[in-house]
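*Asks:* sequence and predicted structure are below.
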Amino acid sequence: SQTIHQWPATLVQPVGSPLSLECTVEGTSNPNLYWYRQAAGRGLQLLFYSVGIGQISSEVPQNLSASRPQDRQFILSSKKLLLSDSGFYLCAWSVPPPNTEAFFGQGTRLTVV
Amino acid sequence: AQSVTQPDIHITVSEGASLELRCNYSYGATPYLFWYVQSPGQGLQLLLKYFSGDTLVQGIKGFEAEFKRSQSSFNLRKPSVHWSDAAEYFCAVGISGGYNKLIFGAGTRLAVHP
């Protein structure tokens, strides 16, 4: 069966520090991969998606970047964190269209102080 | 533009009572519709989905949802709520065009009184 791992679960970082969140998927090949952010009291906003190795698309302009160095690995990064980067970050995967069901990791709570 | 509206931010019900969470969507084509549940500090778990066919879909944990095209709605229901159902519920519409994109509503937080 397929599983998705996301780490760390919790992270407190100072403003201006770098960020690296990692997500890996097991049990499937060539998944679509996603990074979502959930701000307090709000829904989920799609930040990045990837349909293959090295292929990254950004949904919204921001201070973050994403990379996909391997088929089932998705990394969210920042060179210098802002206070506004605080939130709950969720990695997800899905099979390619037309099935649009997504499966989510357990999330990372990022607090920038 | 595509959007999902969940009109109720917070809902409180008594254990054993029935539940209906509302969801309205805006999407020009035939939608793929989902309900996810999120426990505090956790990821999202899929409750149920609608792709096509029967407009009443059954999900896990005793939940069901009904797709009404004329009302652009996909409301979630449960006949008898358990205390463990307290969580946040998200409705989402799936858009497929080379990749799968989910557009989420803002969520409804459900509290259950004993």
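*Replies:* Structure's in. What do you need? Keep in mind that this is a model prediction, so the values were computed, not measured.

*Asks:* from the contact counts, what lies against the helix-or-strand element of chain B with minimal mean pLDDT?
*Replies:* In chain B, the helix or strand scored least confidently by mean pLDDT, DSSP states H and E is strand B:100-104, which has a mean of 85. Helices and strands touching strand B:100-104, by 3 or more CB pairs under 8 Å, 6 or more residues apart in numbering or on different chains; DSSP states H and E, are strand A:44-52, strand B:3-5, strand B:87-96. For the C-beta atoms, the positions are set from N, CA and C on the backbone; glycine is no exception.

*Asks:* got the CA positions of that strand in CSV?
*Replies:* Extracted C-alpha coordinates of strand B:100-104, given in CSV (Å, rounded to 0.1, in the frame of the first residue of the first chain):
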residue,chain,number,x,y,z
ASN,B,100,-4.8,17.3,-10.1
LYS,B,101,-5.6,20.4,-8.2
LEU,B,102,-7.8,20.5,-5.2
ILE,B,103,-9.5,23.8,-4.3
PHE,B,104,-10.6,23.7,-0.7
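
*Asks:* can you list the residues that contact stretch A:58-66?
*Replies:* A:19, A:35, A:45-50, A:56, A:74-78, A:80-82, A:84-85 (CB atoms under 8 Å, 6 or more residues apart in numbering or on different chains).

*Asks:* start to end distance for that stretch?
*Replies:* 8 Å (CA to CA, to the nearest Å).

*Asks:* now do stretch B:104-114
*Replies:* Start-to-end span of stretch B:104-114 (CA to CA) is 30 Å.

*Asks:* and for residue 113, the neighbour number?
*Replies:* Using chain A. Other residues near A:V113 come to 10 when the count uses other CB atoms under 10 Å in any protein chain shown.

*Asks:* that's the other chain; I wanted chain B
*Replies:* Using other CB under 10 Å, the number of residues around B:H113 comes to 11.

*Asks:* against B:S18, how distant is it?
*Replies:* 14 Å (CB to CB, to the nearest Å).

*Asks:* how about B:E64?
*Replies:* Counting by CB to CB, the gap from B:E64 to B:S18 is 11 Å.

*Asks:* which one of the two has more residues nearby?
*Replies:* With neighbours defined as other CB under 10 Å, B:E64 and B:S18 compare such that B:E64 has more, 16 against 10.

*Asks:* and that one, bridged to which residues?
*Replies:* Assessed by DSSP bridges, B:E64 has beta-bridge partners B:Q58, B:R77.

*Asks:* now do it against B:L48, distance only.
*Replies:* B:E64 sits 7 Å away from B:L48, going by CB to CB.

*Asks:* overlap of the contact sets of these two?
*Replies:* B:57-58, B:76.

*Asks:* could you turn the buried ones of those residues into a ChimeraX selection?
*Replies:* With 16 or more other CB atoms under 10 Å in any protein chain shown as the criterion, this ChimeraX line picks the buried residues out of these:
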select /B:57,76
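
*Asks:* between the shared contacts of B:E64 and B:L48, which is nearest chain A?
*Replies:* Chain A lies nearest to B:V57 out of the shared contacts of B:E64 and B:L48, by CB to the nearest CB, at 12.6 Å.

*Asks:* and the residue nearest the centre of chain A, what helix or strand is that in?
*Replies:* The centre of chain A sits closest to A:W35, judged by CA atoms, centre = their mean, with a distance of 2.9 Å. Element membership for A:W35, per DSSP states H and E: strand A:32-38.
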